[in-house]
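> When you get a sec, could you give me coordinates for this:
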Amino acid sequence: MKHIISRDNPRFKALKKLCQSGRERRKTQQIVLDGIHLVESLLASGRSPLEIVISDTGKSRSEISLLIENREKCASVICLPDALFAELAPVETPSGILAIASMPKESGRIDAMGDAVLLDGVQDPGNVGSILRSAAAAGFRQVLLSEDCAQVWSPKVLRAGMGAHFLLDLHESVRLPEFLNGYRGTSIATALEPDSVGLYDQALQGPVAWVFGSEGAGVCADVMESVARRVRIPMPGGCESLNVAAAAAVCLFETVRQRSLAPVSC
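Next up is the predicted model:
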């Protein structure tokens with residue numbers, strides 16, 4: 001275990017740059033995982049961290065010390081005073097542990113026949129992470145993001161995803177209309193329009209590509225033109241709309257519900 005106590009240390013400066021700069025993370029093809037749950041999710045996926053950074057306080061926590069004891073030979077470990085660690089942490093209350101890992105590579109193959117979740121201009125990191133978590137929980141493995149979405153491997157999206165990233169096939173900067181025009185299942189977007197079908201009246205047993213739009217403008221025009229169907233979520237309570245992450249969870253788990261009721265062929 002290496003101890004760093006100075007802000008002038010070159011490795012600390014490099015870590016700080018990596019934690020604070022999306023450009024640096026893209027350049028190095030590395031990600032920053034904050035918290036014991038994310039580190040354990042990385043390990044559970046069969047991947048190993050390149051480096052683990054802990055605080056003096058974090059070192060004394062049993063779950064962190066146990067992880068270090070079991071994994072110290074697989075990655076270098078740096079211990080920082082609490083004040084220096086706080087400069088790296090993406091939250092006000094530091095978790096006590098960060099891990100640096102290689103950014104998982106995209107598979108390169110996008111399945112035009114399977115289930116998918118498409119995000120069009122969803123820019124809030126918390127919403128993107130929450131949708132990824134719902135997608136993984138609902139059994140959707142393929143997520144396509146337009147170029148103007150939040151960076152999917154940013155620390156804030158990773159934190160909101162709670163490990164879902166490592167269960168998904170993620171594709172960034174996708175031209176969504178091109179995918180939709182060649183999609184062989186049913187593509188559906190949520191839309192508050194007169195011709196939209198009620199969510200619970202839409203059959204969802206077959207392959208489906210759910211499309212969710214930006215927090216303000218919704219699904220953009222060229223993407224909406226490429227969608228086969230539009231649905232609205234019933235809201236009898238009087239609200240005009242839902243947060244995009246909440247809407248995605250409702251739609252994805254309605255898909256799960258309908259499929260659970262489908263007759264099983266012998």
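> All the strands of the chain, in order from the start?
2-3, 30-34, 51-55, 76-80, 97-102, 116-120, 142-145, 169-171, 186-190, 197-198, 208-213, 229-232 (DSSP state E).
> Just give me how far the first one sits from the chain centre.
Same thing as strand 2-3. 32 Å (C-alpha atoms, centre = their mean, to the nearest Å).
> which helices and strands does that strand pack with?
Counting contacts by 3 or more C-beta pairs under 8 Å, 6 or more residues apart in numbering; DSSP states H and E, strand 2-3 is packed against strand 76-80. Using the backbone N, CA and C atoms, a C-beta is placed for each residue, glycine as well.
> For the strand it packs on, which strands pair with it and how are they oriented?
Applying DSSP bridges to the sheet, strand 76-80 is found paired with strand 2-3 (parallel), strand 51-55 (parallel).
> relative to strand 97-102, how tilted is the last one?
Inter-element angle recorded for strand 51-55 and strand 97-102: 160 degrees (by axes from the mean of the first three to the mean of the last three C-alpha atoms, to 10 degrees).
> So, low pLDDT: which residues of the chain?
Applying pLDDT under 70 to the chain flags the ranges 71-74, 262-266.
> rerun that using 50 as the cut-off
266 (pLDDT under 50).
> ok, residues contacting the longest helix along it?
Criterion DSSP state H: the longest helix present in the chain is helix 244-261. Contacts to helix 244-261, defined as C-beta atoms under 8 Å, 6 or more residues apart in numbering, come from residues 115, 117, 122, 126-127, 130-131, 134-135, 138-140, 188, 190, 199-200, 203-205, 208, 210, 212-215, 231, 233, 241-242.
> do that again at 6 Å, thanks
122, 127, 130-131, 134, 138, 190, 199, 204-205, 210, 212, 215, 233 (C-beta atoms under 6 Å, 6 or more residues apart in numbering).
> Same question for it: list its buried residues.
244-245, 247-252, 254-255 (16 or more other C-beta atoms under 10 Å).
> Columns distance to Lys59 on top of the residues you listed, output as a markdown table?
Converted to a markdown table, the buried residues of helix 244-261 look like this (distance: C-beta to C-beta, whole Å):
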| residue | distance to Lys59 |
| --- | --- |
| Val244 | 39 |
| Ala245 | 35 |
| Ala247 | 42 |
| Ala248 | 38 |
| Ala249 | 37 |
| Val250 | 42 |
| Cys251 | 43 |
| Leu252 | 39 |
| Glu254 | 45 |
| Thr255 | 44 |
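> For stretch 227-246, C-alpha coordinates in CSV please.
Extracted in CSV, the C-alpha atoms of stretch 227-246 (Å, rounded to 0.1, in the frame of the first residue of the first chain):
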residue,chain,number,x,y,z
VAL,A,227,-40.9,5.1,-34.2
ALA,A,228,-43.6,2.6,-35.1
ARG,A,229,-45.9,3.4,-32.1
ARG,A,230,-46.6,6.0,-29.5
VAL,A,231,-48.0,5.4,-26.1
ARG,A,232,-49.0,7.5,-23.1
ILE,A,233,-48.8,6.6,-19.5
PRO,A,234,-52.2,7.0,-17.7
MET,A,235,-51.9,9.6,-15.0
PRO,A,236,-55.3,10.0,-13.3
GLY,A,237,-53.8,12.1,-10.5
GLY,A,238,-53.7,15.3,-12.6
CYS,A,239,-49.9,15.6,-13.3
GLU,A,240,-49.1,16.4,-16.9
SER,A,241,-45.9,14.4,-17.1
LEU,A,242,-43.4,12.1,-15.3
ASN,A,243,-39.7,12.4,-14.8
VAL,A,244,-38.1,10.4,-17.7
ALA,A,245,-36.5,7.9,-15.3
ALA,A,246,-39.8,7.2,-13.7
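> coming back round to it: which one among the buried residues of helix 244-261 gets closest to Pro194?
Taking C-beta to C-beta as the measure, Ala247 is the one of these closest to Pro194, at 18.5 Å.
> State the distance from that closest one to Val117.
Computed as C-beta to C-beta, to the nearest Å, the Ala247 to Val117 distance reads 12 Å.
> what does Cys149 give?
Cys149 is 12 Å from Val117, where distance means C-beta to C-beta.
> How many neighbouring residues does Gly216 have?
Neighbours of Gly216 under the rule other C-beta atoms under 10 Å: 8.
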